[in-house]
Structure formats: structure tokens, C-alpha cells
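Trainee: I need the structure of the sequence given here:
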Amino acid sequence: IPGDMEGDLETYLAEKCQIRSSLLVETEKLLQQSSRSFAIDVTPSLIFGSGPAVLGFITSNVSDYVEFKSIEGMLWLDSKGKLARVPCSKGDVFGTKLLNPLEKRKLMKFLQLVMDYATSLQAAAEEAVSATEEVHSVNERQLNQGRSLSRPQNKAVKTNDLETLKAAVEANEMDFETYLTEKQKLPASLKSLVRHALALETTPASVSIGDGMRRLCHHLQSLGKFGT
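Mentor: Model (predicted):
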């Protein structure tokens, strides 16, 4: 390849000699034949099922005139280049091939802690809004959230774990990744999965623990909100 030509041999042959590999030709042919089987949105928009936008659509009856497509699944590309479904439910966690048995137990325990934390915040908010409001049972609150993670038969986390999390969020002296490392003892693979696939962080530098927990709770509470 000439010194002034950047790129690999395949790029050089394609641009200068109009020669393309058979794999590239077959790939383009397959994509053209199946062009109506998929769609790529260059400006995707994601609305959480438990967010204020959906609540506004419902209370204003706008939902009668618009239609949304539920996300059928989220995929995660790990450090080894393997693409797999993001484990968001109990069945996903124990069925995924991304994690070993020890990592699965750690992740499930942590997700249950997050849901208990989210439930405690919701209970506190309800009490603050109206002290006379009819009190819902813990099971009812949990069933109104992500059904796949918050179920009555799931074991509750230890009280001291929940109090430690609340204290860390209130102090807000560490970032989310530091909390996952020092307090939850999660390995690097799980930290990356939690931060970027579940809490939906988009930057290398981690957000604060308060922001990270808010993102994570928002995501998990939206799961199963409308039976999806």
C-alpha cells in the first residue's frame, strides 16, 4: 500500500482498484434483500414507562391517539466482543451466559437491594404527599414496579445493607463506580454492566452515587410497568 494511502489492503483495493471481497459483496446483497426486515433510527428516543412523560400522556388522554412500541430487549457488547441480552429480570440473570454463577448471585442480590431502596423512596414520597392517603402494602408497591425483579417471594435484603446505601446516597461523597467497587464488591465485568447497560451511563467517568442510583431505579421500575 502506498505510504500516502491510509487504511488496510481491503480499503485500498476498493477505493483505488474497485476490487471488493466476496464477503462484502454477499453482505451488501443480503442487506438489500432484507431491507424491509429492519429499520435503523439515527435519532432514537427512549421514554421510561414510569417516567413523567408517560404519566402525562395517560392523565391527559393523549395516549388514546398515539402508539408506542415497547423495547423487546437490550443487548450488551462485552469486552470480549460477545453480544448478549442484558439481564434485567431474575430469569435473565440466572439464564445469561455473560456471567458465571458467582457473578449472577452478586448481581441478583444487588438488584434486589436497588428495588428495596426504590420502594422505600416511593413509600416516603407517598407519606410526604398525604399522611391520610390509603396505605398500600409493600407487595402492592412492588408489583406496580418491575414485576420481574420485585416479587413477594423474593428475599428482602438485609436492613443494614439498605441503611448503608441510604447513608452513602445522602452523604454523596463517592461516585457510583466507587460505591459498586468498595461497598458492593462487584467485579469489573459487573460494574460495567450495571453502569452502562442498566444505569445507562454514557461517559467513561462515573456519575455521583445519587445520580447513578436514580438512573438505575428509574430503569428497573419501568420494567414490566405495562406488561412488557
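Trainee: if I look at the residue nearest to residue 92 when sequence neighbours are not counted, how far off is residue 60?
Mentor: Distance criterion Cβ to Cβ, 6 or more residues apart in numbering; nearest residue to residue 92, sequence neighbours excluded, is residue 85 at 6.5 Å. Yep, even glycine has a C-beta here, placed from its N, CA and C like the rest. The gap separating residue 85 from residue 60 is 34 Å, by Cβ to Cβ, to the nearest Å.
Trainee: tell me which of those two has more neighbours.
Mentor: residue 85 (15 against 9; other Cβ atoms under 10 Å).
Trainee: need the contact list for that one.
Mentor: Residue 85 is in contact with 73, 74, 75, 76, 92, 96, counting by Cβ atoms under 8 Å, 6 or more residues apart in numbering.
Trainee: buried residues, the helix or strand harbouring the fifth one. List them.
Mentor: Okay, so that is residue 92. Following DSSP states H and E, one finds residue 92 within helix 90-95. By 16 or more other Cβ atoms under 10 Å, the buried positions in helix 90-95 come out as 90, 92, 93.
Trainee: please list all residues in contact with the most centrally placed residue in the chain.
Mentor: With distances taken as Cα atoms, centre = their mean, the residue of the chain nearest its centroid is residue 198 (2.5 Å). By Cβ under 8 Å, 6+ apart, the contact set of residue 198 is 86, 88, 216, 219, 220.
Trainee: show the subsequent helix or strand relative to the lowest-mean-pLDDT helix or strand in the chain.
Mentor: In the chain, the helix or strand scored least confidently by mean pLDDT, DSSP states H and E is helix 138-143, which has a mean of 48. Later in the chain than helix 138-143, the nearest helix or strand by DSSP H and E is helix 159-171.
Trainee: can you pull the buried residues of stretch 91-110?
Mentor: Buried positions in stretch 91-110, judged by neighbour count with 16+ other Cβ under 10 Å: 92, 93, 96, 98, 99, 103, 104, 106, 107, 108, 110.
Trainee: swap in stretch 108-117?
Mentor: Buried-residue list, stretch 108-117, by 16+ other Cβ under 10 Å: 108, 110, 111, 112, 113, 114, 115, 116, 117.
Trainee: isn't the second one up against residue 183?
Mentor: No. Contact status for residue 110 versus residue 183: not in contact, 9.9 Å apart, counting by Cβ atoms under 8 Å.
Trainee: show me the shaky parts of this protein.
Mentor: Low-confidence regions of the chain, defined by pLDDT under 70, span residues 1-10, 12-17, 20, 43-44, 128-159, 227-228.
Trainee: what segments of the protein are strands?
Mentor: Under the criterion DSSP state E, the chain carries strands at the ranges 75-77, 83-85.
Trainee: so what's residue 51 up against?
Mentor: Residues in contact with residue 51, defined by Cβ under 8 Å, 6+ apart, are 218, 222.
Trainee: tally of neighbours for residue 164?
Mentor: Residue 164 has 15 neighbours, counted by other Cβ under 10 Å.
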